[in-house]
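> below are the sequence and a predicted model for it; my questions follow.
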2 protein chains.
Amino acid sequence: MVPHLITALNGPINELEQRILESMPAIERWFRLEWMEHTPPFYTSVDVRNAGFKLAPVDTNLFPGGWNNLTPEMLPLAVQAAMAAIEKICPEAKNLLLIPEKHTRNTFYLANVKQLMQIFSLAGLNVRLGTLDESITEPTPLTLADGSTVTVEPLVRDKRRLGLKDFDPCTILLNNDLSAGIPKVLENLHEQYLLPPLHAGWAVRRKSQHFEAYEEVAKKFAKLLGMDPWLINPMFASCGKVNFSEGSGIECVQSNADALLGKIRRKYKEYGIQEKPFVVVKADNGTYGMGIMTVRDAKDLDELNRRTRNKMSVIKDGQEVTEVIIQEGVPTYERVNDAVAEPVVYMLDRYVVGGFYRVHAERGIDENLNAPGASFVPLAFAEAYHLPKPGEKPGVSAPNRFYMYGVIGRLAMLAASYELEAHDPDAEIYE
Amino acid sequence: MVPHLITALNGPINELEQRILESMPAIERWFRLEWMEHTPPFYTSVDVRNAGFKLAPVDTNLFPGGWNNLTPEMLPLAVQAAMAAIEKICPEAKNLLLIPEKHTRNTFYLANVKQLMQIFSLAGLNVRLGTLDESITEPTPLTLADGSTVTVEPLVRDKRRLGLKDFDPCTILLNNDLSAGIPKVLENLHEQYLLPPLHAGWAVRRKSQHFEAYEEVAKKFAKLLGMDPWLINPMFASCGKVNFSEGSGIECVQSNADALLGKIRRKYKEYGIQEKPFVVVKADNGTYGMGIMTVRDAKDLDELNRRTRNKMSVIKDGQEVTEVIIQEGVPTYERVNDAVAEPVVYMLDRYVVGGFYRVHAERGIDENLNAPGASFVPLAFAEAYHLPKPGEKPGVSAPNRFYMYGVIGRLAMLAASYELEAHDPDAEIYE
C-alpha cells in the first residue's frame, strides 16, 4: 500500500489503472518476495508520467532532495520508514552523519536538509551535518528562508572512520549525488555504513544502466499482471561518445533517435494512439534537469543551434556530457491549475511515504519539467469521505489513484536495487 | 519516534517528561536492541495514566478493539506498520483470515472490525472474516451504524488448516481475546500463523504475569535513564483463590491491599506527593473493564455490598473470578472538556501508530474509565506550526508530549513480549 493521496487526474479510471488496482494483493505479495531477494536503496524519489495510455518512470533519484515539499501529515510515515531502515542497517546506532550538497546556500535545498534532519531526529538519532566543502573549517550556520538555521561542520577523517569533532556516526547518509566525482574523504570507509553506496553517485551511475534494469523489472511485473510491459516501460537507447560542443558523435544520437521514434510509432499504431511520438535526449549521468532536450524528428538534430549545444554539453558541477541516453518520451496528462504537472513519488526504505506534483506553467506535456520556474504542489491525504462508502463491499476502499504511482515508483526503486547490485564494485570479491 | 499527536495536558513539562524527551536517541536505540532479542506482539493497545509525578501503563490489551477510534490521518501509519508485520511473518501471504469477537452485533465493535479489515486490505491482503459462532452456517452480513456491512463466514477446519469456503489463509489474526476458553477449532494449527498465539488469550494469560514482566522491563529502562523505576511502574500483588460471591479468600485481597497502600504511602512521602493512595482490585484474567474496583482503605473490603460482590464475581463471557490482581492506583490528571481522560496508545508490530483518549464524564481520577458511558476523543496530529520554530537548534522538534505515552506504551508491549515468551507452552520443546 501507499499513502492514500489525492491526485490531480479525475477522469475515469483507465484499463491500466484498473488492472493495477484490482491486482493489489498479488502486487504487494510480489514486492514482498522481491524485497526478500534484493535490498531497497536507502531512499529514492521517482518522477512518474501518466499519459493515460502509458504510465512510466522517467527519472530515478537515489539522493533525493525536495523532502521539504512533503506535507507535515506525511512526516510520521517517513519517520516510521526511517526507523525500519535504521533498524535493519545499524540498530545500535545513536548518531547519523548527513552529508548534503556542497557549496549550496540555496534556501530551498536547505529546507530539504532540515526536513531530512528532522525525519531522522524523530526516528531517534542524533543528526549532524558534515560538509565536503573544504573551505568550511568550523561549524557554520546557514540561514533558511524562515530565519531558522542549520549548521554544517567540517568532516574529520581518520584512517578508518569519518565523523565530526566529538561525533562518531554509525551511518553516513549522503544527500550529495557525487556528480563532481568521488571525494577521497569518502573512500575506504569499511567500518561505517555509507549510504547510498558510492557507486550510486553520478560519478559512476548511468541512466541507461538503470533503465536496462527497469526493463527487466517491468517485464517480470507485466508477466505477473498479464500485460504488455511497454505500458509501463519507456524504451531507450544510448550513445557512448558524444561531444555536443564539437558536434561529434551526434550521428549516433540521430540514428538511435530515428529508430526509437519508429518503434514508438509502431506501438502507437498497435494501440490506436493518436499522438506524435517524441524522444528525450539526456546526459546519461545527468541530473538536476540539466542537459536534456526533446526531439520530435531526428532531422532536428542536424541543425542544433549554439544555445542547445551549450545546454547539452555541460551538466551539474561543470561535468562534460559524453554519454547520452535517448529515451521514449512519455507525455504527462496531469495538470494542476492548467499547468503541466508530473507526480514525484518519495520512498524511504521499501515504503512509499509521500509525493507531490512538479508543476511548470511554461512547459509542454512533452518537455522536462525539472527546470527553473518549476513549483511544487503537495499532494494531500484523502479525507475520510474518500474512504469506503456505506453499502460497499467490505474491505474495498475507494480507488487510490496514487496507488499506481506508488507501484511505478517502487518498480523503479526495485530496478535501482537490481542496478546497484549489478554494478557493485565490491560484489566481485564474493563471486 | 511516535506520531506527533497533541495531548490534552498543556501545563509545564515535568521532570520525568523532560528526562524522557531528552533521552530520545538513547531510548530509541534501547528499543531497537530489545527488538533484536524479542518479538513484539502482533498488535497491542495500552491504557496509560499520567499522574504528573508518575506515568504508567494500567492495562495492556493483546487483542485491541477500538481501531475505529483512530483518525483517518493515522491510517497510513497503521498500514505501513501492517506491511512491515506481514513481511516478517508471512511474506508470501495473499490471504488473511480475521476472527472477531463472537456473538457481537455491537456496531462500535463492528466499526473496529471494518477498520482492521481496511488496514490489512490496504496493506495488500485479501481479508475475510471467520466467526467462532457455530450458529452461523453461511456468509452473514452484519450492518454497521453507517449502513455499511461486514460479512462473517463460518470457519472451515480440516485436519491441518483453518479457513473459509474457497479461502485458505497464510495467517489467522484473532481479534477475540478467548475469554471463554480456547475453541477446539483453533487448536493444532501448525501450518498457519495464528496471531496472537493462543496463550495470549485470557483463557491462559494473567495480568499479574504481565505486570511481573513489566516490572523487569521498567527496571531495565529506569537503569538506562538513571531514575527510580517506580516512576513508571505500578506496584502490584495477587491472590489466587478468591470467591467474591461466597465471600471467601477476601482476607488475602485485604492484606495485600493494606500492604500495598502502605508501600504507596511511603513512596508518596519520599517524593512529597500530597495525594491519597488507592489500589485497584481487578480480575487477574479480566477484560472489558469488568470486575474492577477502587480501594482507598483495606477496611472497605470488610463490608462489600451485594452489588459490588456481584460486579466483582463475574467478568466477560460469564467467566467466574477466582484470581485477582491488586494494583497500585495511578490517578490520571488529563482532562478533556472537564471530563477525566486517559490516553490509549495503539501499536502494530513495534510501531506506535496512533492513540486516542478514553473519556468518562461520570468517573473520578482514581476510577476505571473503561465502563459504560465512556467516549473516545481522537488525538490529532500536531500541525506544522507545532514543529520547529525559526532560530531553534537544528534537528530539535517541539516537545512531543505524546512521545512519552508512546514510550510507556512500548515498554508495556515489550513486557507483553517477555510475558508471552515466558509462558509459551511450546517453548520447552526447544529448550
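Structure received. Numbering: from 1, shown residues only, chains lettered A, B, ... in the order given.
> near chain B, which residues of the stretch 51-200 of chain A are found?
The interface of the stretch 51-200 of chain A toward chain B, taken as Cβ under 8 Å from any Cβ of the partner chain, is made up of A:72-73, A:75-77, A:79-81, A:83-84, A:86-87, A:91-95, A:114, A:117-118, A:120-129, A:144, A:146-151. All C-beta atoms are positioned from the backbone trio N, CA, C, and that covers glycine.
> at 6 Å what do you get?
Of all the residues in the stretch 51-200 of chain A, those in contact range of chain B (Cβ under 6 Å from any Cβ of the partner chain) are A:72, A:76-77, A:79-80, A:84, A:87, A:91, A:94, A:117, A:121-127, A:146-148, A:150-151.
> among the residues you listed, which are located in helices?
Among those, the ones falling in helices (DSSP state H) are A:76-77, A:79-80, A:84, A:87, A:117, A:121-122.
> turn those residues into TSV, including neighbour count and pLDDT.
Conversion of those to TSV gives the following (neighbours: other Cβ atoms under 10 Å in any protein chain shown; pLDDT from 0 to 100):
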residue	neighbour count	pLDDT
A:Pro76	28	86
A:Leu77	26	89
A:Val79	25	91
A:Gln80	30	92
A:Ala84	23	91
A:Glu87	20	89
A:Met117	23	96
A:Ser121	22	90
A:Leu122	27	87
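> just the closest of the residues you listed to B:Glu215, please.
A:Glu87 (26.3 Å; Cβ to Cβ).
> which secondary structure element contains the closest residue to the closest one other than its chain neighbours?
Take A:Glu87 and drop its neighbours on the chain: the residue closest to it by Cβ to Cβ, 6 or more residues apart in numbering or on different chains is B:Arg32, 5.4 Å away. Under DSSP states H and E, the secondary-structure element containing B:Arg32 is helix B:24-37.
> closest to A:Arg49 among the ones in helices among the residues of the stretch 51-200 of chain A next to chain B?
A:Leu77 (23.9 Å).
> just the strands from the stretch 1-150 of chain A, written as ranges.
Under the criterion DSSP state E, counting those that start in this stretch, the stretch 1-150 of chain A contains strands at A:43-50, A:55-61, A:95-99, A:126-131, A:140-143, A:149-154.
> tell me the pLDDT at the residue nearest to A:Gly249 when sequence neighbours are not counted?
Distance criterion Cβ to Cβ, 6+ apart; nearest residue to A:Gly249, sequence neighbours excluded, is A:Val242 at 3.8 Å. Among the per-residue scores, A:Val242 shows a pLDDT of 84.
> please apply the same query to A:Pro390.
Per-residue confidence (pLDDT) for A:Pro390: 43.
> now for A:Leu62: which residues touch it?
A:41, A:196, A:200 (Cβ atoms under 6 Å, 6 or more residues apart in numbering or on different chains).
> any chance of a ChimeraX selection covering the buried ones in the residues you listed?
Burial among the contacts of A:Leu62 is assessed by 16 or more other Cβ atoms under 10 Å in any protein chain shown; the matching ChimeraX selection reads:
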select /A:41,196,200
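> got JSON lines for the contacts of A:Leu62, with distance to A:Val359 and pLDDT too?
As requested, these are exported to JSON lines (distance: Cβ to Cβ, whole Å; pLDDT from 0 to 100):
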{"residue": "A:Pro41", "distance to A:Val359": "26", "pLDDT": "97"}
{"residue": "A:Pro196", "distance to A:Val359": "28", "pLDDT": "96"}
{"residue": "A:Ala200", "distance to A:Val359": "28", "pLDDT": "95"}
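> ok so, going back, out of the strands of the stretch 1-150 of chain A, which is the most enclosed?
Neighbour counts (mean count of other Cβ atoms under 10 Å in any protein chain shown) averaged over each of the strands of the stretch 1-150 of chain A peak at strand A:43-50, with a mean of 26.
> ok and that strand relative to strand A:55-61, angle-wise?
150 degrees (axes from the mean of the first three to the mean of the last three Cα atoms, to 10 degrees).
> so which elements touch strand A:43-50?
Taking 3 or more Cβ pairs under 6 Å, 6 or more residues apart in numbering or on different chains; DSSP states H and E as contact, the helices and strands that strand A:43-50 lies on are strand A:55-61, strand A:339-348, helix A:401-422.
> need the residues that contact the first one.
Put plainly, it is strand A:55-61. With contacts defined as Cβ under 6 Å, 6+ apart, strand A:55-61 is touched by A:45-49, A:210, A:232, A:234, A:330, A:408, A:412, A:416.
> and stretch A:8-22, end to end?
One end of stretch A:8-22 sits 21 Å from the other (Cα to Cα, to the nearest Å).
> if I look at A:Lys184, how far off is B:Leu97?
Noted for A:Lys184: a distance of 57 Å to B:Leu97, by Cβ to Cβ, to the nearest Å.
> skipping adjacent residues, who's closest to A:Leu97 in space?
Leaving out its chain neighbours, the residue that sits closest to A:Leu97 by Cβ to Cβ, 6+ apart is A:Pro169, at 3.9 Å.
> can you tell me the SS state at that neighbour?
The three-state label given to A:Pro169 by DSSP: H, G, I helix; E, B strand; the rest coil is coil.
> again with A:His190
When the structure is reduced to helix, strand and coil (three-state DSSP), A:His190 reads as coil.
> next, count neighbours for the residue lying closest to it once chain neighbours are set aside.
Among residues not flanking A:His190 along the chain, A:Arg160 sits closest, at 7.4 Å (Cβ to Cβ, 6+ apart). Using other Cβ atoms under 10 Å in any protein chain shown as the criterion, A:Arg160 is surrounded by 10 other residues.
> hmm, back to that, which of the contacts of A:Leu62 sits closest to chain B?
The closest of the contacts of A:Leu62 to chain B turns out to be A:Pro41 (Cβ to the nearest Cβ; 17.1 Å).
> which residues touch that closest one?
A:62, A:196, A:416.
> in this structure A:Arg206 contacts A:Asp284, no?
Yes - counting by Cβ atoms under 6 Å, a contact exists between A:Arg206 and A:Asp284, whose distance comes to 4.8 Å.
> which one's more surrounded, those two?
Using other Cβ under 10 Å as the criterion, A:Arg206 and A:Asp284 rank with A:Asp284 on top: 24 against 19.
> could you list the low-pLDDT ranges of chain A?
Screening chain A residue by residue with the criterion pLDDT under 70, one finds the ranges A:1-6, A:9-13, A:287-291, A:314-318, A:381-399, A:428-431.
> assign a three-state SS to A:Met280, would you?
That one is not Met; residue A:280 is Val. Counting by three-state DSSP, the backbone at A:Val280 sits in strand.
> wait, it touches A:Gly329, no?
Yes - look at A:Val280 against A:Gly329 with Cβ under 6 Å: they come within range, at 5.0 Å.
> more neighbours, the two?
More neighbours surround A:Gly329 than the other of A:Val280 and A:Gly329, with 27 against 22 (other Cβ under 10 Å).
> how about the more buried one, nearest residue that isn't a chain neighbour?
Beyond its immediate neighbours in the sequence, the residue positioned closest to A:Gly329 (Cβ to Cβ, 6+ apart) is A:Phe278, lying 3.9 Å away.
> the one you found and A:Asp366: what is the separation?
Taking Cβ to Cβ as the measure, A:Phe278 falls 5 Å from A:Asp366.
> same thing with A:Val217?
Applying Cβ to Cβ, one obtains 25 Å for the distance of A:Val217 from A:Asp366.
> where along the stretch 201-350 of chain A do the helices fall?
Secondary structure of the stretch 201-350 of chain A (DSSP state H, counting those that start in this stretch): helices located at A:207-225, A:250-271, A:306-313.
> of all these, which lies closest to chain B?
Each of the helices of the stretch 201-350 of chain A was scored for nearness to chain B using Cβ to the nearest Cβ, and the closest is helix A:207-225 (12.5 Å).
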